[in-house]
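A.B. asks: sequence and predicted structure, then a few things I'm wondering about:
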Number of protein chains: 2
Amino acid sequence: MKNFPIAKSRRIRSTPYTSRIEEQGVTAYTIYNHMLLPAAFGSIEDSYHHLKEHVQVWDVAAERQVEISGKDSAKLVQLMTCRDLSKSKIGRCYYCPIIDDLGNLVNDPVVLKLDENKWWISIADSDVIFFAKGLASGNKFDVKIIEPIVDIIAIQGPKSFSLMEKVFGKKITELKFFGFDYFDFEGIKHLIARSGWSKQGGFEVYVQNTPSGQKLYDHLFKIGKEFNVKPGCPNLIERIESALLSYGNDFDNGDNPFECGFDQYVSLDSQISFLGKEKLKKIKSEGIKRKLIGIQIECKEINLSNSLEIKDKKNKIIGELRSACYSPHFGKVIGIAMMSKPFWNVSQFVKIKVNNSNHDGKVCDLPFL
Amino acid sequence: MKNFPIAKSRRIRSTPYTSRIEEQGVTAYTIYNHMLLPAAFGSIEDSYHHLKEHVQVWDVAAERQVEISGKDSAKLVQLMTCRDLSKSKIGRCYYCPIIDDLGNLVNDPVVLKLDENKWWISIADSDVIFFAKGLASGNKFDVKIIEPIVDIIAIQGPKSFSLMEKVFGKKITELKFFGFDYFDFEGIKHLIARSGWSKQGGFEVYVQNTPSGQKLYDHLFKIGKEFNVKPGCPNLIERIESALLSYGNDFDNGDNPFECGFDQYVSLDSQISFLGKEKLKKIKSEGIKRKLIGIQIECKEINLSNSLEIKDKKNKIIGELRSACYSPHFGKVIGIAMMSKPFWNVSQFVKIKVNNSNHDGKVCDLPFL
């Protein structure tokens, strides 16, 4: 696939770490929430192996926050998500599909409960802030909605625990998965969560004090040499193998949470009130007609810039490949596809045209690993 | 400025014309409404001269539509914009700032009235669909809100009239500015407006029938040779000289319409009801404290990827440069800046650090030409 440069402008926002990652050799960007998100530092495959063995520091400032505070903040946050937050705790992160009136997905953020009346919605790539503002206005909720200055640094990989312990002390290794707390770096408190866009373990530092965050970024590389620290970014191969779904890639506002396998986050039996609840009850009782599953394809290379049709032996279209990559682990291409009923069963034969030639493949479970 | 390739994926949507413009030599992309928007075909300066003399065909499919239909559609569209649409007519386009509860800008689309109960909001780069969905849900409006399949081709430049007449006949030249009508191409009706992202004159074809639109795209190049037709895209130099403001670049959700000079589109004295009306009345009566103006800078080159501070002789920050380019017409850099009161008067001296050295400049009126 030919490379095309990105035309930068203020609308495609830089982050506080952009000049650093450009010095460190970022080789491709994507745009996420109107902001630069690094997509590669050289070979994605090399970076994949490194991430699974060592530790990487990522500029994921593009993971923007929608801050909702005020008397009705809990009501508004709950209205937006099908996940029951009535027993949610301060200091915890919650993966929360956001749903519209039709029962379709708007985003799949992690929600941080900062206080009884203060929440951060750590968003995927859509303007959740305007959905929240519209709902707040229409429902006359007493809330304040802003995009605060928060520029996340992620520390990911198996050695992230040792690296972070070296900076913040023993206490940070005791943080539970999806817990967050406040940790001191040179006199500045940072909110740090045990979370991130990989399944290799790690942390996300929600940087509000920009100069301190930039110092921390540099510090992590200075003291991380013994752990073979490198700059990195969400890795296409690792995220597909782990089935970390991506809004806009694997699913979008045309899909509902049952089609995406989010069943455990859909609290239909609770007393809570959220958008699309009745629609989702109907969808559940009728049963879905397609769903996201894994695909293995007998080929060695793929560059997806759009969906690809998936066909059966008789050339009938039975699904749509939405993300894919070459997996070094499997020695072939793997991907995430929206498959029609009844073609979503494991081992179902599929045929896909990649690079102008047909390749065989089969349906498999998610995650791959 | 170093070039960085864009990492393509389904989330960064291609358009029906992407394969064509890549064959035709597109050299840079930006991302707009989660979609590829061409940003250059070789030299931007060459393209600028060509656009002002001849005719260009642009893939502006990234200019997405939010379709609002149903019984309460007019009420919802009016609620979102400060411009009085009570006397709006079917077949007309309206430039309509979209405003939130705080009186700040959400987008600055062109609104097309298709029918008494059917509207297209032709949006700049933010997810207006979710703002509309939130408002519709909160206000319990009886509306249907979708992003229809519409992929615009723009035909821009002084010779666009001759080229379009050759395809669609005399009638299309009688279309008034910001009027639209339906025109036949090989048996398929296309909605065509006299509009576009340049001040050089032209049309936008709202393509709903994709195969017919692709044929039309090819046809325009085949029969346009006598008009020296070329592929192109919204041109940075031309749009700054003409002061065609850009959401995300020149203004954003932190700015209000008076700061952006949109006074003529703010109908405070009407009986209509829209978001932020009381806030805007207050802002107007108190007077704004900063506004968008033009800047000329005594230098020959600039590549803006973020705001730049604007200082006075005493190094006091008095404004923020948001867009800029080298203008062949003026032989220097020109730009659009948000300037603090009272430093926004024409001929005010300014100092800006560009490419690591200080340059003098002065405030001037918008548009430049």
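C.D. replies: Yep, that arrived. Keep in mind it's a predicted model, so treat the numbers as computed, not measured.
A.B. asks: for A:K341, which non-adjacent residue is spatially closest?
C.D. replies: Closest residue to A:K341 apart from its sequence neighbours, by C-beta to C-beta, 6 or more residues apart in numbering or on different chains: A:K289 at 5.1 Å. All C-beta atoms are positioned from the backbone trio N, CA, C, and that covers glycine.
A.B. asks: I meant A:R64, not that one.
C.D. replies: Residue nearest to A:R64 in three dimensions, not counting chain neighbours: A:N33, with 4.6 Å by C-beta to C-beta, 6+ apart.
A.B. asks: coming back round to it: neighbours of the residue nearest to A:K341, how many?
C.D. replies: Per other C-beta atoms under 10 Å in any protein chain shown, the neighbour tally for A:K289 reads 10.
A.B. asks: hmm, it is touching A:M339, no?
C.D. replies: No. In this structure, A:K289 is not within contact of A:M339 by C-beta atoms under 8 Å, at 10.2 Å.
A.B. asks: got the phi/psi numbers for the one residue in chain A that gets nearest to chain B?
C.D. replies: For chain A, the residue closest to chain B is A:G138, as judged by C-beta to the nearest C-beta, at 1.6 Å. Main-chain dihedrals, A:G138, degrees, to the nearest 10: phi -60, psi -40.
A.B. asks: where do the helices sit along chain A?
C.D. replies: Per DSSP state H, chain A carries helices over the ranges A:18-23, A:44-53, A:73-80, A:128-138, A:160-168, A:210-223, A:236-241, A:277-286.
A.B. asks: now the residue of chain A closest to chain B: closest residue in space that isn't a chain neighbour?
C.D. replies: Once flanking residues are discounted, A:G138 sits nearest to B:G138: 1.6 Å by C-beta to C-beta, 6+ apart.
A.B. asks: quick one: neighbours of the one you found, just the number.
C.D. replies: 20.
A.B. asks: which residues does it contact?
C.D. replies: By C-beta atoms under 8 Å, 6 or more residues apart in numbering or on different chains, B:G138 lies in contact with A:134-140.
A.B. asks: got it, and A:R20?
C.D. replies: A:59, A:214, A:217-218.
A.B. asks: out of all residues in chain A, which is the farthest from the middle?
C.D. replies: Of all residues in chain A, A:K314 has its C-alpha farthest from the mean position, at 35.9 Å, by C-alpha atoms, centre = their mean.
A.B. asks: can you check the pLDDT for it?
C.D. replies: Listed pLDDT for A:K314 reads 95.
A.B. asks: same deal with A:M1?
C.D. replies: The model's pLDDT for A:M1 equals 68.
A.B. asks: again with A:N355
C.D. replies: pLDDT for A:N355: 82.
A.B. asks: now do the phi/psi pair for it.
C.D. replies: In terms of degrees, to the nearest 10, the main-chain angles of A:N355 are phi 50, psi 40.
A.B. asks: where in chain A is pLDDT low?
C.D. replies: For chain A, the stretches flagged by pLDDT under 70 are A:1.
A.B. asks: A:S160 contacts A:V55, correct?
C.D. replies: Yes. A:S160 lies in contact with A:V55 (C-beta under 8 Å); the separation is 4.7 Å.
A.B. asks: overlap in contacts of these two?
C.D. replies: Contact criterion C-beta under 8 Å, 6+ apart; residues shared by A:S160 and A:V55: A:G202.
A.B. asks: quick revisit: most packed of the helices of chain A?
C.D. replies: Highest mean neighbour count of those: helix A:128-138, a mean of 26 (counted as mean count of other C-beta atoms under 10 Å in any protein chain shown).
A.B. asks: put the alpha carbons of that one into PDB.
C.D. replies: Extracted as PDB, the C-alpha positions of helix A:128-138 are listed here (Å, rounded to 0.1, in the frame of the first residue of the first chain):
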ATOM      1  CA  VAL A 128     -19.100  11.800  23.000                       C
ATOM      2  CA  ILE A 129     -19.000  15.400  24.400                       C
ATOM      3  CA  PHE A 130     -21.700  16.500  22.000                       C
ATOM      4  CA  PHE A 131     -23.900  13.500  22.800                       C
ATOM      5  CA  ALA A 132     -23.600  14.300  26.500                       C
ATOM      6  CA  LYS A 133     -24.200  18.000  25.900                       C
ATOM      7  CA  GLY A 134     -27.300  17.300  23.800                       C
ATOM      8  CA  LEU A 135     -28.700  14.900  26.400                       C
ATOM      9  CA  ALA A 136     -28.000  17.200  29.300                       C
ATOM     10  CA  SER A 137     -29.700  20.100  27.500                       C
ATOM     11  CA  GLY A 138     -32.700  18.100  26.500                       C
END
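A.B. asks: for the stretch 51-200 of chain A, which residues are neighbours of chain B?
C.D. replies: Contact residues, the stretch 51-200 of chain A versus chain B (C-beta under 8 Å from any C-beta of the partner chain): A:100-101, A:106, A:125-140, A:147.
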